[in-house]
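S.K.: fold the stuff below for me.
(2 chains)
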Amino acid sequence: MLPWIYMAQNDQIRVRFAPSPTGQLHIGNVRTALFNWLFARQKGGTFILRIEDTDLERSEARYETQLMEDLKWLGIDWDEGPDVGGPYPPYRQSDKMDVYRSYAERLIQEQKAYYCFCTAEELERDRQQAMAEQRQPNYSGKCRNVDPAEAERRRATGEPAAIRLQIPERPIRFHDIVRGDVEFSNEVVSDPIIVRSSGMPTYNYVVVIDDADMKITHVVRGDDHISNTPKQVAVYEALGLPVPEFAHLSTILGPDRERLSKRHGATSVANFREMGILPEALMNYLALLGWAPSGGDREIFPKDELIKEFSLERVTPSPAVFDTEKLHWLNRYYIKAAQPERIHQLGAEALQRAGLLPAGANGSVSSWTGSLIDLFAPYVDQLDQLPEKAKIIFNHDAAAALALPENAEVFASDKAKAVIQSFGKRAANEPPLTAERFKAIMDEIKAETGAKGKDLFHPVRIMLIGSHSGPDFNKLIPLLEDGSRLELPVHVKSVRERAQEFIAAQGLKS
RNA sequence: GGCGCUAUCGUCUAGGGGUUAGGACGUGAGAUUCUCAAUCUUAAAACCCGGGUUCGAUUCCCGGUAGCGCUACCA
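M.R.: Below is the predicted model:
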């Protein structure tokens, strides 16, 4: 039992994930969501989902829906959000314009912000000149000096004006849990626009109002926001609002050490789901990107363990390269650890998409599919590789098998030919083979031809699946025989069919 | 250009003023198997560079270099 005072403190921790619904949920963003969520869950705090849809041009409702589905799929849930509500609505930014405006007016009145009448062209010219002179391209602050009464008069005439926050003449510093104390000279911050001349508030302003309204205590986000943070801190301070703790997470890089992007292949949560990466594998992997447990000698962390062990203090500040190989290793681990029924379900979907299975499979088909998946699932990095792995079951091409040089070597010897002939003859007269019967036949052939080990098995394997390597015969034989008697979109050839076709093809060739 | 952040095996990382610098992925070898995968065992593999502080720096400080980010009336 925790003393109540700690409970009360922990209870006050409030963090948020604030994506804009402008596209697929990116892997870097979802890691931010995960770290926020883990932190909240471990501390018994509140995790909030807030949709930042102020970018009307690019925001779409369907992305918002998908974003929530992706989070749920990963296993992340939220206590407050646009769908479930909460004590500090709205959880979508759209309808808050009047709130932003009233805070801005207050800042003007308190002379912590001022109207700026500079035109875009004017600003651009100043900027160019500063660049040319190798100076910091900061706003000059010239409208700071416009008399408030004068400003009102000009506004009354309809002259467009933005609102700028006046940055104090002292360094701005803040605490970052991941990086320690960070300080920015006020020289480089320059008075930011908080409300555009169009009346639309800007991000660095809005985000502060939203976080403050929602009583956010810890802002956990990507490190691309570090440079924005002093502006935001200045807004908190001007408004007399408590400044939250920050934790800036490092960037996720591609193999070329550049920021992970679509160029690098799969980068959205939806991509990974479609590929057949299990959510627990992705969550585990993402947690390990930038965080490591004390001791650092453990890699497997199911959700509960992550919640127990996670801490923001142990997050690394340096950027991390996304390593698909390691994700695959975790995915293989979780595929083996998962309930077989779940893998059957997911695997069957992949096979259906490949056109190898009918949609609503009945009893015997689905139990056959189950053993098919049990056989091949340990071979795959991701479940969408199943159809490829299972092609030896569905596609049997004797001529192609014979044409392969590496196979030709195997059945060049007289012994191998004898094995093939003998197997073909026997298979022709057999009812569907069981694993036991197959073994018995192989023993007979062994006695008859004197072939054993590779010399015995390799030719048979090539005859049946076109390659000298593949799954255990004990599992393979029943799978072929049972499959051949099912109604499937692609006919599975029986052992007998395979043997006969192979011998026929071989006859044609020689 | 300015400002900021970062720097341990190829990759993710642990560690920390004196260590055989630990783990994991991947890679090599071996065991097992008819074979491949899996599994187990095992090997190779790292403290960016230069100064300082110190008896002693990979660790602390400063500088350099490199990578990344920000530098908007984008979010």
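S.K.: need the pLDDT of A:Trp4.
M.R.: Per-residue confidence (pLDDT) for A:Trp4: 34.
S.K.: whoops, I mixed them up, A:Asp11
M.R.: pLDDT for A:Asp11: 56.
S.K.: hey, what's A:Leu49 bridged with?
M.R.: Beta-bridge partners for A:Leu49, by DSSP bridges, are A:Phe17.
S.K.: who in the stretch 201-350 of chain A is up against RNA strand B?
M.R.: A:202-204, A:223-228, A:250-251, A:253, A:257-259, A:288-290, A:292, A:294-299, A:314, A:316-321, A:323, A:325-326, A:328-329, A:332-333, A:336 (Cβ under 7 Å from any atom of the strand). Where C-beta positions appear, they are placed from N, C-alpha and C, glycine not excepted.
S.K.: the residue of chain A found nearest RNA strand B: neighbouring residues, count only.
M.R.: Going by Cβ to the nearest atom of the strand, RNA strand B is nearest to A:Gly296 of chain A, at 2.5 Å. For A:Gly296, the count of nearby residues is 8 (other Cβ atoms under 10 Å).
S.K.: cool, A:Asn362 as well?
M.R.: Counted with other Cβ under 10 Å, A:Asn362 comes out at 10.
S.K.: residues contacting it?
M.R.: Neighbour list for A:Asn362: empty [criterion: Cβ atoms under 8 Å, 6 or more residues apart in numbering].
S.K.: need the pLDDT of it.
M.R.: Per-residue confidence for A:Asn362 comes out at a pLDDT of 76.
S.K.: before we move on, what about A:Lys509?
M.R.: 54.
S.K.: picking that back up, any idea how far the residue of chain A closest to RNA strand B is from A:Asp223?
M.R.: 22 Å (Cβ to Cβ, to the nearest Å).
S.K.: A:Asp181 belongs to a helix?
M.R.: No. Assessed with DSSP: H, G, I helix; E, B strand; the rest coil, A:Asp181 is strand; it does not lie in a helix.
S.K.: for the stretch 401-510 of chain A, what lies in contact range of RNA strand B?
M.R.: Checking the stretch 401-510 of chain A against RNA strand B by Cβ under 7 Å from any atom of the strand, the hits are A:453-454, A:457-458, A:461, A:468-473.
S.K.: around RNA strand B, which positions in the stretch 51-200 of chain A sit nearby?
M.R.: Applying Cβ under 7 Å from any atom of the strand, we find that the stretch 51-200 of chain A lies next to RNA strand B at A:52, A:54-55, A:116, A:118-120, A:123, A:127, A:131, A:134, A:136-137, A:139, A:160, A:162, A:179-180, A:182-185, A:188, A:193, A:196-198, A:200.
S.K.: all the helices of the stretch 351-500 of chain A, residue numbers only.
M.R.: Here the stretch 351-500 of chain A has its helices, by DSSP state H, counting those that start in this stretch, at A:363-376, A:386-389, A:391-394, A:398-403, A:405-410, A:414-428, A:435-449, A:454-465, A:473-484, A:495-509.
S.K.: any chance of TSV for the ones you listed, columns distance to A:Glu245 and mean neighbour count?
M.R.: Shown next, in TSV, are the helices of the stretch 351-500 of chain A (distance: least, Cβ to Cβ, whole Å; neighbours: other Cβ atoms under 10 Å):
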stretch	distance to A:Glu245	mean neighbour count
helix A:363-376	47	18
helix A:386-389	45	19
helix A:391-394	54	19
helix A:398-403	63	18
helix A:405-410	62	13
helix A:414-428	72	18
helix A:435-449	62	16
helix A:454-465	60	22
helix A:473-484	55	19
helix A:495-509	66	18
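S.K.: compare these and report which one is nearest to A:Glu105.
M.R.: Between A:Glu105 and those, the tightest spacing by Cβ to Cβ is seen for helix A:386-389, at 61.0 Å.
S.K.: name the surrounding residues that touch the closest one.
M.R.: Contacts of helix A:386-389 (Cβ under 8 Å, 6+ apart): A:276, A:347, A:350-351, A:353-354, A:356, A:373, A:376-377, A:379-380.
S.K.: how about that helix, does it reach RNA strand B?
M.R.: No. Judged by Cβ under 7 Å from any atom of the strand, helix A:386-389 stays clear of RNA strand B, getting no closer than 9.2 Å.
S.K.: read off the pLDDT value for the nearest residue to A:Arg170 once chain neighbours are set aside.
M.R.: Take A:Arg170 and drop its neighbours on the chain: the residue closest to it by Cβ to Cβ, 6 or more residues apart in numbering is A:Asn186, 6.0 Å away. pLDDT, A:Asn186: 88.
S.K.: and A:Asn186, how many neighbours?
M.R.: A count of nearby residues for A:Asn186, using other Cβ under 10 Å, gives 15.
S.K.: shouldn't it be in contact with A:Ile172?
M.R.: Yes. Using Cβ atoms under 8 Å, A:Asn186 makes contact with A:Ile172 at a distance of 6.4 Å.
S.K.: so which of the residues of the stretch 51-200 of chain A next to RNA strand B sit within strands?
M.R.: A:116, A:162, A:180, A:182-184, A:193 (DSSP state E).
S.K.: please pick the buried ones from the residues of the stretch 201-350 of chain A next to RNA strand B.
M.R.: Among these, the ones that count as buried by 16 or more other Cβ atoms under 10 Å are A:202-204, A:223, A:225-226, A:250-251, A:253, A:288-290, A:292, A:319-320, A:328, A:332-333.
S.K.: among those, which are in helices?
M.R.: Within those, residues falling in helices by DSSP state H are A:203-204, A:288, A:328, A:332-333.
S.K.: and these, which is closest to A:Cys143?
M.R.: Using Cβ to Cβ, these come closest to A:Cys143 at A:Asn204, 18.3 Å.
S.K.: contacting residues for that closest one?
M.R.: A:Asn204 neighbours (Cβ under 8 Å, 6+ apart): A:192, A:194, A:228, A:231-232, A:235.
S.K.: swap in A:Ala418?
M.R.: Here A:Ala418 is in contact with A:448-449, A:451 (criterion: Cβ under 8 Å, 6+ apart).
S.K.: and what of A:Leu357?
M.R.: By Cβ under 8 Å, 6+ apart, the neighbours of A:Leu357 are A:348, A:351, A:365, A:369, A:488-489.
S.K.: hang on, the earlier thing: distance-wise, check the residue nearest to A:Arg170 relative to A:Ile163.
M.R.: A:Asn186 is 19 Å from A:Ile163, by Cβ to Cβ.
S.K.: A:Leu38 contacts A:Lys308, correct?
M.R.: No. Taking Cβ under 8 Å as the definition, A:Leu38 is not a contact partner of A:Lys308, at 9.8 Å.
S.K.: show me which of the two is the more surrounded one.
M.R.: More neighbours surround A:Leu38 than the other of A:Leu38 and A:Lys308, with 25 against 12 (other Cβ under 10 Å).
S.K.: now do the SS call for the more buried one.
M.R.: helix.
S.K.: give me the pLDDT for the residue lying closest to A:Ala113 once chain neighbours are set aside.
M.R.: Nearest non-adjacent residue to A:Ala113, counting by Cβ to Cβ, 6+ apart: A:Leu107, 3.7 Å away. For A:Leu107, the pLDDT comes out at 96.
S.K.: what's near enough to touch the residue nearest to A:Ile335 when sequence neighbours are not counted?
M.R.: Once flanking residues are discounted, A:Ile335 sits nearest to A:Ala377: 5.6 Å by Cβ to Cβ, 6+ apart. By Cβ under 8 Å, 6+ apart, the contact list for A:Ala377 reads A:335-336, A:343, A:347, A:383, A:386.
S.K.: how about a cut-off of 10 Å?
M.R.: Residues near A:Ala377 by Cβ atoms under 10 Å, 6 or more residues apart in numbering: A:276, A:332, A:335-336, A:338, A:340, A:343-344, A:346-347, A:383, A:385-386, A:389.
S.K.: distance of it relative to A:Glu280?
M.R.: A:Ala377 sits 15 Å away from A:Glu280, going by Cβ to Cβ.
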